[in-house]
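Q: Quick one, structure for this:
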Amino acid sequence: MKSEFSGQDAELIAWRKQKRSELLEWRASFSGEDRLRASEMVLDRVYSLLRSNRVRVAGFYWPFRGEIDVLPLMRRFVAEGGVGVLPIVVGRGQPLSFRLWEPEVRMAAGVFGIPYPAESRVVVPDTLVVPVVGYDDRCYRLGYGGGYYDRTLGAAEAKPLSIGIGFASLRLETIVPQQYDVPMDYIVTEAETIRRSAEDGAGVSSAGVS
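A: Numbers count the residues shown, from 1 in each chain. Below is the predicted model:
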């Protein structure tokens, strides 16, 4: 898709900032039974992907600013024999690190007050479940702008399977991906599961996947 922007310029930065603000505002306002039902549908779809891909070590996240609460899924995954890990911001401009999460692990407050396992060992995940602020049908993800997941995926020796999750109303025609943007392998919403095609970079929707 031809972009109306040329490179990482001030216009693109301003556009992304505005879209990010609009989507975060919508996400914060999405509440009640509709949000609960949509979240449960997303988590059911992600659980099916974890099982079908025989995932052993999954990186989750601690919900923040209206993100879908994946903690019930993480607890279920661990209870069924999987290994769950949570991210830590090591430093500005650096890839994320991941530490083992277990029900009894002691948590500490990290960047922005987000909890992380305080003393458990570092574990490299084979799969990442990643929140999206926005997404497009080519499985590109709009995040908060820090680039942590892009750096993490870009620096990985063996790229983990990446599953971006969010609500269908966060869809954009395009996020206007740049060279540093790393697409997800899947985008999962309550409406569909989009799988990125290796051939042409396009997304293939599977609305019936649950």
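Q: Would you map the helices across this structure?
A: 10-29, 32-52, 71-79, 148-155 (DSSP state H).
Q: Show me where this structure has its strands.
A: 57-59, 83-88, 97-101, 107-109, 115-117, 127-131, 134-135, 141-142, 161-165, 186-188, 193-196, 203-206 (DSSP state E).
Q: Need the winner for burial among those strands.
A: Among those, the stretch with the highest mean neighbour count (mean count of other Cβ atoms under 10 Å) is strand 186-188, at a mean of 28. (Each C-beta comes from the backbone N, C-alpha and C, glycine too.)
Q: Specify which residues of this protein, grouped into ranges, have pLDDT under the cut-off.
A: 1-8, 199-210 (pLDDT under 70).
Q: picking up where we left off before, quick check: which of the helices of the chain is nearest to A118?
A: Closest to A118 of those, according to Cβ to Cβ: helix 71-79, at 17.0 Å.
Q: wait, P72 sits on V42?
A: No: contact between P72 and V42 fails when scored by Cβ atoms under 8 Å: they sit 11.4 Å apart.
Q: possible to save the strands of the chain as JSON lines with distance to R35?
A: Listed next are the strands of the chain as JSON lines, based on distance: least, Cβ to Cβ, whole Å:
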{"stretch": "strand 57-59", "distance to R35": "23"}
{"stretch": "strand 83-88", "distance to R35": "23"}
{"stretch": "strand 97-101", "distance to R35": "24"}
{"stretch": "strand 107-109", "distance to R35": "25"}
{"stretch": "strand 115-117", "distance to R35": "22"}
{"stretch": "strand 127-131", "distance to R35": "14"}
{"stretch": "strand 134-135", "distance to R35": "17"}
{"stretch": "strand 141-142", "distance to R35": "20"}
{"stretch": "strand 161-165", "distance to R35": "14"}
{"stretch": "strand 186-188", "distance to R35": "16"}
{"stretch": "strand 193-196", "distance to R35": "19"}
{"stretch": "strand 203-206", "distance to R35": "22"}
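Q: Quick check: which of those strands is nearest to Y180?
A: Judging the strands of the chain by Cβ to Cβ, what sits closest to Y180 is strand 141-142, at 12.3 Å.
Q: Mind listing residues that contact that closest one?
A: Residues outside strand 141-142 that contact it (Cβ atoms under 8 Å, 6 or more residues apart in numbering): 16, 19-20, 23, 130, 132-135, 149, 164, 172, 175, 181, 183-184, 187.
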